[in-house]
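Novice: could you work out the structure for the sequence below:
(one chain, ligands or ions: 1)
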Amino acid sequence: MVPRASYEQVIAESQKILDMIAKKELTPEERAWVVEETVRGFRDHVNPGFLEYRKSVSTDYTAVEWDDRGVTFKDVHGKVFIDCLGGYGIYNCGHRHPKVMAAVINQLERQALHSQELLDPLRAMLAKLVADITPGDLQYSFFTNSGTESIEGAMKLARLHTGRKAYVAAVNAFHGKSMGSLSLTSKSVFRKPYLPLLAPVHHVPFGDADALEKVLSSCAFVGEDVAAVVLEPVQGEGGVHVAPDGYLPRVRELCDRYGALLVLDEVQTGMGRTGKMFACEHWDVVPDILCLGKAFGGGVMPIGAFVSTAEIWEEMTPNPFLHTTTFGGNPIACAAAIAAINVILEEKLYEKAAVVGDYFLRGLRVLADRYPQVCQEARGLGLMLGVEYRTNELGYEVAKGLFENGVLVAGTLINAKTIRFEPPLTIEKEEVDTVLNILESVYQKVARSMG
Ligand SMILES: Cc1ncc(COP(=O)(O)O)c(C=O)c1O
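Specialist: Sure thing, here's the model as predicted:
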(Lines give C-alpha, C1' and ligand atoms only; values in the text may rest on other atoms or scores of the structure.)
Protein backbone atom coordinates (compact mmCIF):
# COMPACT_ATOMS: atom_id res chain seq x y z
CA MET A 1 0.00 0.00 0.00
CA VAL A 2 1.19 3.52 -0.80
CA PRO A 3 1.77 5.47 2.46
CA ARG A 4 -0.82 8.17 3.19
CA ALA A 5 0.19 11.79 3.64
CA SER A 6 -0.98 13.71 6.69
CA TYR A 7 -3.48 16.59 6.30
CA GLU A 8 -0.58 19.03 6.71
CA GLN A 9 1.30 17.33 3.92
CA VAL A 10 -1.82 17.31 1.72
CA ILE A 11 -2.21 21.07 2.26
CA ALA A 12 1.43 21.65 1.27
CA GLU A 13 1.20 19.31 -1.72
CA SER A 14 -2.05 20.74 -3.05
CA GLN A 15 -0.67 24.28 -2.57
CA LYS A 16 2.39 23.33 -4.62
CA ILE A 17 0.11 22.12 -7.42
CA LEU A 18 -2.05 25.24 -7.22
CA ASP A 19 1.05 27.45 -7.44
CA MET A 20 2.20 25.49 -10.45
CA ILE A 21 -1.18 25.83 -12.18
CA ALA A 22 -0.93 29.58 -11.65
CA LYS A 23 2.53 29.79 -13.23
CA LYS A 24 3.09 30.94 -16.80
CA GLU A 25 6.50 29.25 -17.10
CA LEU A 26 7.96 26.22 -15.34
CA THR A 27 11.63 25.70 -14.53
CA PRO A 28 13.32 22.53 -15.87
CA GLU A 29 13.13 21.04 -12.34
CA GLU A 30 9.40 21.77 -12.16
CA ARG A 31 8.83 20.16 -15.55
CA ALA A 32 10.69 17.05 -14.46
CA TRP A 33 8.58 17.03 -11.30
CA VAL A 34 5.35 17.27 -13.33
CA VAL A 35 6.34 14.23 -15.42
CA GLU A 36 7.43 12.26 -12.36
CA GLU A 37 4.26 13.03 -10.39
CA THR A 38 2.05 12.28 -13.40
CA VAL A 39 3.59 8.87 -13.98
CA ARG A 40 3.53 8.10 -10.25
CA GLY A 41 -0.10 9.22 -9.92
CA PHE A 42 -1.21 7.10 -12.89
CA ARG A 43 0.72 4.11 -11.56
CA ASP A 44 -0.46 4.34 -7.95
CA HIS A 45 -3.81 6.13 -8.06
CA VAL A 46 -5.38 6.24 -11.54
CA ASN A 47 -4.68 3.01 -13.38
CA PRO A 48 -1.23 1.59 -14.15
CA GLY A 49 -2.74 0.05 -17.28
CA PHE A 50 -2.67 3.49 -18.91
CA LEU A 51 1.12 3.64 -18.69
CA GLU A 52 1.31 0.55 -20.87
CA TYR A 53 -1.47 1.68 -23.19
CA ARG A 54 -0.20 5.22 -23.71
CA LYS A 55 3.12 3.84 -24.86
CA SER A 56 1.61 3.65 -28.33
CA VAL A 57 2.30 7.33 -28.65
CA SER A 58 4.35 8.50 -25.71
CA THR A 59 7.00 5.84 -25.58
CA ASP A 60 9.12 7.24 -22.77
CA TYR A 61 6.31 9.04 -20.87
CA THR A 62 8.05 12.39 -21.21
CA ALA A 63 5.26 13.79 -23.35
CA VAL A 64 2.81 14.93 -20.71
CA GLU A 65 0.30 17.34 -22.21
CA TRP A 66 0.45 20.81 -20.76
CA ASP A 67 -0.96 23.66 -22.82
CA ASP A 68 -2.93 24.13 -25.99
CA ARG A 69 -4.25 26.70 -28.44
CA GLY A 70 -5.92 26.48 -31.83
CA VAL A 71 -4.85 23.42 -33.78
CA THR A 72 -1.84 22.55 -31.64
CA PHE A 73 -0.92 21.58 -28.12
CA LYS A 74 2.41 21.42 -26.28
CA ASP A 75 3.81 18.85 -23.93
CA VAL A 76 5.28 20.01 -20.63
CA HIS A 77 8.69 20.36 -22.26
CA GLY A 78 7.31 22.73 -24.90
CA LYS A 79 7.31 20.32 -27.85
CA VAL A 80 4.51 21.33 -30.24
CA PHE A 81 2.09 18.78 -31.73
CA ILE A 82 -0.50 19.22 -34.45
CA ASP A 83 -3.67 17.77 -33.00
CA CYS A 84 -5.14 15.44 -35.61
CA LEU A 85 -7.13 13.54 -33.01
CA GLY A 86 -9.06 16.53 -31.73
CA GLY A 87 -9.86 14.80 -28.44
CA TYR A 88 -11.92 12.26 -30.45
CA GLY A 89 -14.10 15.08 -31.72
CA ILE A 90 -14.12 17.63 -28.89
CA TYR A 91 -12.16 20.44 -30.49
CA ASN A 92 -14.33 21.54 -33.41
CA CYS A 93 -13.71 25.20 -32.45
CA GLY A 94 -10.01 24.52 -31.87
CA HIS A 95 -8.31 24.36 -28.50
CA ARG A 96 -9.34 27.16 -26.15
CA HIS A 97 -11.06 29.34 -28.72
CA PRO A 98 -10.84 32.92 -27.35
CA LYS A 99 -14.59 33.52 -27.64
CA VAL A 100 -15.48 30.32 -25.80
CA MET A 101 -12.86 31.07 -23.14
CA ALA A 102 -14.17 34.62 -22.70
CA ALA A 103 -17.76 33.37 -22.29
CA VAL A 104 -16.72 30.89 -19.62
CA ILE A 105 -14.46 33.32 -17.77
CA ASN A 106 -17.09 36.08 -17.84
CA GLN A 107 -19.75 33.70 -16.56
CA LEU A 108 -17.39 32.32 -13.90
CA GLU A 109 -16.76 35.80 -12.60
CA ARG A 110 -20.49 36.20 -11.98
CA GLN A 111 -21.83 32.72 -11.13
CA ALA A 112 -20.38 29.25 -11.68
CA LEU A 113 -23.10 26.78 -10.75
CA HIS A 114 -26.83 27.22 -10.35
CA SER A 115 -29.03 26.97 -7.26
CA GLN A 116 -31.01 24.02 -8.70
CA GLU A 117 -34.18 25.73 -7.52
CA LEU A 118 -34.67 29.03 -9.39
CA LEU A 119 -34.98 29.38 -13.16
CA ASP A 120 -31.47 29.62 -14.59
CA PRO A 121 -31.36 31.88 -17.65
CA LEU A 122 -28.52 30.42 -19.73
CA ARG A 123 -30.16 26.98 -19.87
CA ALA A 124 -33.29 28.58 -21.37
CA MET A 125 -31.30 30.68 -23.83
CA LEU A 126 -29.14 27.75 -24.94
CA ALA A 127 -32.21 25.52 -25.41
CA LYS A 128 -33.73 28.19 -27.69
CA LEU A 129 -30.53 28.39 -29.76
CA VAL A 130 -30.37 24.59 -30.05
CA ALA A 131 -33.98 24.58 -31.30
CA ASP A 132 -32.95 27.18 -33.90
CA ILE A 133 -29.99 25.23 -35.27
CA THR A 134 -31.29 21.66 -35.15
CA PRO A 135 -33.31 20.32 -38.09
CA GLY A 136 -37.07 19.83 -38.38
CA ASP A 137 -39.31 20.38 -35.39
CA LEU A 138 -36.77 19.50 -32.69
CA GLN A 139 -37.57 22.02 -29.99
CA TYR A 140 -36.82 20.93 -26.40
CA SER A 141 -33.43 20.15 -24.87
CA PHE A 142 -32.23 18.43 -21.73
CA PHE A 143 -28.60 19.23 -20.97
CA THR A 144 -26.26 16.53 -19.74
CA ASN A 145 -22.61 16.31 -18.70
CA SER A 146 -21.44 13.75 -21.26
CA GLY A 147 -22.33 11.83 -24.38
CA THR A 148 -23.30 8.67 -22.57
CA GLU A 149 -25.79 10.61 -20.45
CA SER A 150 -27.35 12.06 -23.59
CA ILE A 151 -27.92 8.50 -24.82
CA GLU A 152 -29.31 7.38 -21.46
CA GLY A 153 -31.79 10.24 -21.56
CA ALA A 154 -32.82 9.43 -25.13
CA MET A 155 -33.33 5.77 -24.23
CA LYS A 156 -35.53 6.70 -21.28
CA LEU A 157 -37.53 9.23 -23.28
CA ALA A 158 -38.13 6.69 -26.06
CA ARG A 159 -39.55 4.18 -23.58
CA LEU A 160 -41.64 6.88 -21.94
CA HIS A 161 -43.13 8.08 -25.20
CA THR A 162 -43.74 4.75 -26.90
CA GLY A 163 -44.48 2.58 -23.88
CA ARG A 164 -42.26 -0.02 -25.58
CA LYS A 165 -39.13 -1.68 -24.28
CA ALA A 166 -36.88 -2.85 -27.13
CA TYR A 167 -34.07 -1.03 -28.89
CA VAL A 168 -32.22 -1.62 -32.12
CA ALA A 169 -28.63 -0.46 -32.58
CA ALA A 170 -25.93 -1.25 -35.11
CA VAL A 171 -23.00 -3.60 -35.18
CA ASN A 172 -19.84 -1.51 -34.63
CA ALA A 173 -21.85 1.13 -32.80
CA PHE A 174 -20.42 3.14 -29.96
CA HIS A 175 -22.83 5.03 -27.74
CA GLY A 176 -20.97 5.16 -24.42
CA LYS A 177 -20.18 2.92 -21.48
CA SER A 178 -22.80 3.49 -18.79
CA MET A 179 -25.15 0.53 -18.41
CA GLY A 180 -27.89 1.74 -20.77
CA SER A 181 -25.67 3.12 -23.51
CA LEU A 182 -23.34 0.13 -23.18
CA SER A 183 -26.30 -2.07 -24.04
CA LEU A 184 -26.38 -0.30 -27.41
CA THR A 185 -22.60 -0.19 -27.88
CA SER A 186 -21.55 -3.24 -29.82
CA LYS A 187 -18.04 -4.38 -29.02
CA SER A 188 -17.98 -7.54 -26.92
CA VAL A 189 -14.82 -6.64 -25.01
CA PHE A 190 -16.62 -3.68 -23.40
CA ARG A 191 -19.94 -5.49 -22.91
CA LYS A 192 -19.13 -9.05 -21.88
CA PRO A 193 -17.99 -8.38 -18.29
CA TYR A 194 -21.26 -6.55 -17.59
CA LEU A 195 -23.81 -8.87 -19.15
CA PRO A 196 -26.76 -9.07 -18.82
CA LEU A 197 -27.25 -5.48 -19.91
CA LEU A 198 -30.50 -3.68 -20.66
CA ALA A 199 -32.80 -5.84 -22.80
CA PRO A 200 -34.12 -6.41 -25.32
CA VAL A 201 -31.51 -4.83 -27.58
CA HIS A 202 -30.93 -6.07 -31.13
CA HIS A 203 -27.82 -5.23 -33.15
CA VAL A 204 -28.11 -5.11 -36.94
CA PRO A 205 -25.39 -4.54 -39.54
CA PHE A 206 -24.82 -0.81 -40.09
CA GLY A 207 -25.94 0.46 -43.49
CA ASP A 208 -28.24 -2.47 -44.20
CA ALA A 209 -31.85 -1.23 -44.16
CA ASP A 210 -33.19 -4.67 -45.14
CA ALA A 211 -31.62 -6.17 -42.01
CA LEU A 212 -33.25 -3.45 -39.92
CA GLU A 213 -36.61 -4.10 -41.53
CA LYS A 214 -36.35 -7.83 -40.73
CA VAL A 215 -35.68 -7.12 -37.06
CA LEU A 216 -38.41 -4.49 -36.78
CA SER A 217 -40.95 -6.78 -38.37
CA SER A 218 -40.00 -9.83 -36.30
CA CYS A 219 -40.04 -7.73 -33.10
CA ALA A 220 -43.54 -6.56 -34.02
CA PHE A 221 -44.54 -10.14 -34.81
CA VAL A 222 -43.41 -11.52 -31.45
CA GLY A 223 -44.83 -8.57 -29.51
CA GLU A 224 -41.49 -7.03 -28.43
CA ASP A 225 -42.13 -3.74 -30.18
CA VAL A 226 -39.18 -1.43 -30.67
CA ALA A 227 -39.09 1.86 -28.73
CA ALA A 228 -36.12 3.30 -30.65
CA VAL A 229 -33.61 2.66 -33.36
CA VAL A 230 -30.37 4.31 -32.26
CA LEU A 231 -27.68 5.05 -34.85
CA GLU A 232 -24.62 7.20 -35.49
CA PRO A 233 -24.83 8.81 -38.96
CA VAL A 234 -21.09 8.17 -39.22
CA GLN A 235 -19.81 5.47 -36.92
CA GLY A 236 -16.81 6.91 -35.13
CA GLU A 237 -15.27 4.50 -32.65
CA GLY A 238 -16.33 1.64 -34.89
CA GLY A 239 -13.80 2.79 -37.49
CA VAL A 240 -15.28 5.79 -39.39
CA HIS A 241 -18.07 4.20 -41.40
CA VAL A 242 -20.25 6.71 -43.24
CA ALA A 243 -23.93 5.75 -43.63
CA PRO A 244 -24.39 4.76 -47.27
CA ASP A 245 -26.59 7.10 -49.30
CA GLY A 246 -30.25 6.22 -49.01
CA TYR A 247 -29.73 4.34 -45.74
CA LEU A 248 -30.91 6.93 -43.21
CA PRO A 249 -33.95 8.04 -45.28
CA ARG A 250 -34.99 4.37 -45.38
CA VAL A 251 -34.37 3.98 -41.66
CA ARG A 252 -36.56 7.04 -41.08
CA GLU A 253 -39.31 5.49 -43.17
CA LEU A 254 -39.03 2.13 -41.38
CA CYS A 255 -39.16 3.77 -37.95
CA ASP A 256 -42.34 5.58 -38.95
CA ARG A 257 -43.87 2.42 -40.34
CA TYR A 258 -43.14 0.36 -37.22
CA GLY A 259 -43.81 3.14 -34.68
CA ALA A 260 -40.23 3.26 -33.34
CA LEU A 261 -38.48 6.53 -32.57
CA LEU A 262 -35.34 7.35 -34.52
CA VAL A 263 -32.55 8.45 -32.18
CA LEU A 264 -29.49 9.84 -33.93
CA ASP A 265 -26.34 9.88 -31.86
CA GLU A 266 -24.52 12.99 -33.08
CA VAL A 267 -22.27 13.14 -30.03
CA GLN A 268 -19.30 12.97 -32.38
CA THR A 269 -20.74 13.97 -35.77
CA GLY A 270 -22.61 17.05 -34.54
CA MET A 271 -21.56 20.71 -34.38
CA GLY A 272 -20.09 20.94 -37.87
CA ARG A 273 -17.72 17.96 -37.78
CA THR A 274 -18.90 16.28 -41.00
CA GLY A 275 -19.37 19.40 -43.13
CA LYS A 276 -22.93 20.23 -42.03
CA MET A 277 -24.00 21.48 -38.63
CA PHE A 278 -25.46 17.99 -38.02
CA ALA A 279 -24.58 14.94 -40.10
CA CYS A 280 -28.24 13.96 -40.57
CA GLU A 281 -28.59 17.06 -42.76
CA HIS A 282 -26.50 15.34 -45.45
CA TRP A 283 -29.47 13.06 -46.04
CA ASP A 284 -32.30 15.43 -45.02
CA VAL A 285 -33.32 13.10 -42.23
CA VAL A 286 -34.79 14.51 -39.02
CA PRO A 287 -34.55 12.24 -35.98
CA ASP A 288 -37.12 12.12 -33.19
CA ILE A 289 -34.34 12.53 -30.66
CA LEU A 290 -30.92 14.00 -31.37
CA CYS A 291 -28.03 13.37 -28.95
CA LEU A 292 -25.13 15.78 -28.55
CA GLY A 293 -21.91 15.90 -26.53
CA LYS A 294 -18.17 16.34 -27.13
CA ALA A 295 -17.76 19.55 -29.23
CA PHE A 296 -21.06 20.96 -27.96
CA GLY A 297 -19.10 22.60 -25.13
CA GLY A 298 -16.75 24.39 -27.52
CA GLY A 299 -13.76 22.30 -26.47
CA VAL A 300 -13.71 24.08 -23.12
CA MET A 301 -16.55 22.69 -20.98
CA PRO A 302 -18.20 19.27 -20.77
CA ILE A 303 -21.83 19.43 -21.83
CA GLY A 304 -24.17 17.27 -23.87
CA ALA A 305 -27.86 17.26 -24.72
CA PHE A 306 -30.75 15.22 -25.93
CA VAL A 307 -33.16 17.18 -28.04
CA SER A 308 -36.66 16.24 -29.16
CA THR A 309 -40.00 17.50 -30.41
CA ALA A 310 -42.77 19.20 -28.44
CA GLU A 311 -44.99 16.15 -28.93
CA ILE A 312 -42.47 13.69 -27.51
CA TRP A 313 -41.43 16.09 -24.74
CA GLU A 314 -45.01 16.16 -23.45
CA GLU A 315 -44.17 13.03 -21.48
CA MET A 316 -41.60 15.00 -19.49
CA THR A 317 -43.84 17.97 -18.66
CA PRO A 318 -46.18 16.65 -15.96
CA ASN A 319 -43.19 15.81 -13.80
CA PRO A 320 -40.02 17.60 -14.92
CA PHE A 321 -38.14 15.83 -12.11
CA LEU A 322 -38.62 12.46 -13.77
CA HIS A 323 -35.17 12.82 -15.27
CA THR A 324 -32.63 15.18 -13.66
CA THR A 325 -28.92 15.66 -13.08
CA THR A 326 -27.30 18.13 -10.69
CA PHE A 327 -24.65 19.61 -12.95
CA GLY A 328 -26.34 19.23 -16.35
CA GLY A 329 -26.93 22.59 -18.01
CA ASN A 330 -24.93 24.52 -15.43
CA PRO A 331 -24.21 28.18 -16.25
CA ILE A 332 -20.54 27.81 -17.21
CA ALA A 333 -21.23 24.81 -19.44
CA CYS A 334 -24.15 26.63 -21.08
CA ALA A 335 -22.00 29.72 -21.61
CA ALA A 336 -19.45 27.54 -23.41
CA ALA A 337 -22.10 25.87 -25.58
CA ILE A 338 -23.66 29.23 -26.50
CA ALA A 339 -20.22 30.49 -27.53
CA ALA A 340 -19.56 27.27 -29.47
CA ILE A 341 -22.76 27.74 -31.49
CA ASN A 342 -21.84 31.35 -32.13
CA VAL A 343 -18.29 30.50 -33.24
CA ILE A 344 -19.24 27.55 -35.45
CA LEU A 345 -21.88 29.62 -37.27
CA GLU A 346 -19.93 32.89 -37.43
CA GLU A 347 -16.73 31.24 -38.67
CA LYS A 348 -18.73 28.82 -40.85
CA LEU A 349 -16.70 25.97 -39.42
CA TYR A 350 -19.09 23.40 -40.91
CA GLU A 351 -18.26 24.76 -44.39
CA LYS A 352 -14.59 24.69 -43.55
CA ALA A 353 -14.94 21.09 -42.42
CA ALA A 354 -16.49 20.24 -45.80
CA VAL A 355 -13.81 21.99 -47.89
CA VAL A 356 -10.71 21.15 -45.86
CA GLY A 357 -12.07 17.67 -45.10
CA ASP A 358 -12.45 16.97 -48.80
CA TYR A 359 -8.88 18.20 -49.40
CA PHE A 360 -7.53 16.11 -46.52
CA LEU A 361 -9.37 12.98 -47.65
CA ARG A 362 -8.06 13.35 -51.20
CA GLY A 363 -4.53 13.59 -49.79
CA LEU A 364 -5.04 10.54 -47.57
CA ARG A 365 -6.37 8.59 -50.57
CA VAL A 366 -3.40 9.53 -52.74
CA LEU A 367 -1.09 8.21 -50.02
CA ALA A 368 -3.22 5.09 -49.53
CA ASP A 369 -2.89 4.36 -53.27
CA ARG A 370 0.85 5.04 -53.12
CA TYR A 371 1.44 2.71 -50.15
CA PRO A 372 -1.02 -0.17 -50.68
CA GLN A 373 1.19 -2.50 -48.64
CA VAL A 374 0.51 -0.28 -45.61
CA CYS A 375 -2.97 1.19 -46.19
CA GLN A 376 -6.20 -0.49 -47.09
CA GLU A 377 -8.50 2.51 -47.44
CA ALA A 378 -9.06 6.14 -46.52
CA ARG A 379 -12.64 7.25 -45.89
CA GLY A 380 -14.81 9.75 -44.05
CA LEU A 381 -17.03 12.79 -44.25
CA GLY A 382 -16.00 16.39 -43.62
CA LEU A 383 -13.24 16.34 -41.04
CA MET A 384 -14.22 12.98 -39.61
CA LEU A 385 -11.68 10.88 -41.45
CA GLY A 386 -10.13 7.49 -41.00
CA VAL A 387 -7.42 5.42 -42.62
CA GLU A 388 -7.66 1.68 -42.37
CA TYR A 389 -4.31 -0.11 -42.30
CA ARG A 390 -3.54 -3.65 -43.38
CA THR A 391 -2.93 -4.79 -39.80
CA ASN A 392 -3.21 -3.44 -36.25
CA GLU A 393 0.58 -3.48 -36.02
CA LEU A 394 0.95 -1.25 -39.09
CA GLY A 395 -1.62 1.20 -37.71
CA TYR A 396 0.26 1.27 -34.45
CA GLU A 397 3.59 1.93 -36.21
CA VAL A 398 2.01 4.80 -38.16
CA ALA A 399 0.48 6.38 -35.02
CA LYS A 400 3.82 6.09 -33.25
CA GLY A 401 5.75 7.51 -36.21
CA LEU A 402 3.39 10.47 -36.48
CA PHE A 403 3.69 11.20 -32.78
CA GLU A 404 7.49 11.16 -32.94
CA ASN A 405 7.17 13.76 -35.68
CA GLY A 406 4.75 16.02 -33.81
CA VAL A 407 1.33 14.83 -35.00
CA LEU A 408 -1.19 13.28 -32.61
CA VAL A 409 -3.63 10.64 -33.89
CA ALA A 410 -4.90 7.48 -32.25
CA GLY A 411 -6.19 4.10 -33.23
CA THR A 412 -9.88 3.75 -32.48
CA LEU A 413 -10.95 2.08 -29.27
CA ILE A 414 -12.96 -0.54 -31.12
CA ASN A 415 -11.05 -0.80 -34.35
CA ALA A 416 -7.32 -0.47 -33.78
CA LYS A 417 -6.67 -1.01 -37.48
CA THR A 418 -8.28 2.31 -38.28
CA ILE A 419 -6.65 5.57 -37.30
CA ARG A 420 -8.90 8.57 -37.04
CA PHE A 421 -7.98 12.01 -38.32
CA GLU A 422 -10.32 14.43 -36.56
CA PRO A 423 -8.47 17.73 -36.26
CA PRO A 424 -10.06 20.97 -35.08
CA LEU A 425 -12.30 22.38 -37.84
CA THR A 426 -10.10 25.47 -37.77
CA ILE A 427 -7.21 23.58 -39.39
CA GLU A 428 -5.81 25.25 -42.52
CA LYS A 429 -4.89 23.51 -45.77
CA GLU A 430 -1.21 24.33 -45.14
CA GLU A 431 -1.36 22.46 -41.83
CA VAL A 432 -3.03 19.54 -43.60
CA ASP A 433 -0.14 19.59 -46.10
CA THR A 434 2.33 19.42 -43.22
CA VAL A 435 0.49 16.42 -41.78
CA LEU A 436 0.34 14.69 -45.18
CA ASN A 437 4.07 15.23 -45.74
CA ILE A 438 4.89 13.78 -42.34
CA LEU A 439 2.48 10.91 -42.98
CA GLU A 440 4.21 10.09 -46.25
CA SER A 441 7.61 10.00 -44.58
CA VAL A 442 6.19 7.67 -41.91
CA TYR A 443 4.67 5.40 -44.59
CA GLN A 444 8.04 5.30 -46.36
CA LYS A 445 9.76 4.23 -43.16
CA VAL A 446 7.11 1.64 -42.32
CA ALA A 447 7.16 0.27 -45.89
CA ARG A 448 10.98 0.05 -45.80
CA SER A 449 10.89 -1.85 -42.52
CA MET A 450 8.56 -4.38 -44.18
CA GLY A 451 11.34 -5.08 -46.71
C1 LIG B 1 -21.03 8.54 -31.02
C2 LIG B 1 -20.74 8.57 -29.56
N3 LIG B 1 -21.74 8.47 -28.69
C4 LIG B 1 -21.53 8.51 -27.36
C5 LIG B 1 -20.27 8.65 -26.85
C6 LIG B 1 -20.06 8.67 -25.37
O7 LIG B 1 -19.69 9.95 -24.98
P8 LIG B 1 -18.96 10.17 -23.57
O9 LIG B 1 -17.61 9.56 -23.68
O10 LIG B 1 -18.93 11.67 -23.41
O11 LIG B 1 -19.79 9.52 -22.53
C12 LIG B 1 -19.18 8.74 -27.72
C13 LIG B 1 -17.81 8.86 -27.21
O14 LIG B 1 -16.85 8.63 -27.86
C15 LIG B 1 -19.42 8.72 -29.10
O16 LIG B 1 -18.42 8.81 -29.98
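Novice: in the stretch 301-450 of the chain, what residue comes closest to the ligand?
Specialist: Nearest residue of the stretch 301-450 of the chain to the ligand: residue 304, at 6.5 Å (C-beta to the nearest ligand atom). To be clear about C-beta, it is placed using only N, CA and C from the backbone, and glycine gets the same treatment.
Novice: show me what contacts that residue?
Specialist: Contact analysis of residue 304 by C-beta atoms under 8 Å, 6 or more residues apart in numbering lists 143-147, 149-150, 267, 291-294, 296.
Novice: can you check residue 421 too?
Specialist: Counted by C-beta under 8 Å, 6+ apart, residue 421 has contacts 84, 360, 364, 380, 383, 385, 386, 387, 409, 435.
Novice: now intersect those with the helices, please.
Specialist: Of those, the ones assigned to helices by DSSP state H are 360, 364, 435.
Novice: surely the last one is in contact with residue 85?
Specialist: Right, the one you point to is residue 435. No: contact criterion C-beta atoms under 8 Å: residue 435 and residue 85 do not qualify, at 11.5 Å.
Novice: quick check: domain ranges of the chain?
Specialist: Following automatic domain parsing, one gets these domains for the chain: 39-96+349-449, 98-346.
Novice: so which bits of the stretch 151-300 of the chain are right by the ligand?
Specialist: 151, 174, 175, 176, 232, 236, 237, 265, 267, 268, 293 (C-beta under 6 Å from any ligand atom).
Novice: highest neighbour count among those residues?
Specialist: residue 265 (33 neighbours; other C-beta atoms under 10 Å).
Novice: phi, psi for that residue please.
Specialist: Dihedral pair for residue 265: phi -90, psi 100, per degrees, to the nearest 10.
Novice: contacts only, for it.
Specialist: Contacts of residue 265 (C-beta under 8 Å, 6+ apart): 147, 150, 151, 154, 173, 175, 230, 231, 232, 291.
Novice: hey, what's it bridged with?
Specialist: Beta-bridge partners for residue 265, by DSSP bridges, are residue 291.
Novice: I'd like to know how far it sits from residue 448.
Specialist: Separation of residue 265 from residue 448 (C-beta to C-beta, to the nearest Å) stands at 41 Å.
Novice: can you classify the closest residue to residue 178 other than its chain neighbours by secondary structure?
Specialist: Distance criterion C-beta to C-beta, 6 or more residues apart in numbering; nearest residue to residue 178, sequence neighbours excluded, is residue 148 at 4.6 Å. Three-state assignment for residue 148 (DSSP: H, G, I helix; E, B strand; the rest coil): helix.
Novice: quick one: residue 148 and residue 179 touch, right?
Specialist: No: between residue 148 and residue 179 there is no contact under C-beta under 8 Å: 9.6 Å.
Novice: these two: who's more crowded?
Specialist: residue 148 (22 against 12).
Novice: give me every residue that touches that one.
Specialist: 175, 176, 177, 178, 181, 293.
Novice: how about residue 365: what's its closest non-neighbour residue?
Specialist: residue 378 (4.7 Å).
Novice: that neighbour - that's part of a strand, no?
Specialist: Yes: counting by three-state DSSP, residue 378 falls inside a strand.
Novice: look up how far residue 366 lies from it.
Specialist: Taken as C-beta to C-beta, the span from residue 378 to residue 366 is 9 Å.
Novice: what number of residues lie near residue 17?
Specialist: 11.
Novice: gap between the closest residue to the ligand within the stretch 101-250 of the chain and residue 154?
Specialist: Scanning the stretch 101-250 of the chain for the residue nearest the ligand gives residue 147, at 2.2 Å (criterion: C-beta to the nearest ligand atom). Between residue 147 and residue 154 the computed distance is 11 Å (C-beta to C-beta).
Novice: more neighbours: those two, which one.
Specialist: Taking neighbours as other C-beta under 10 Å, residue 147 and residue 154 compare with residue 154 leading, 32 against 28.
Novice: all good on my end, thank you.
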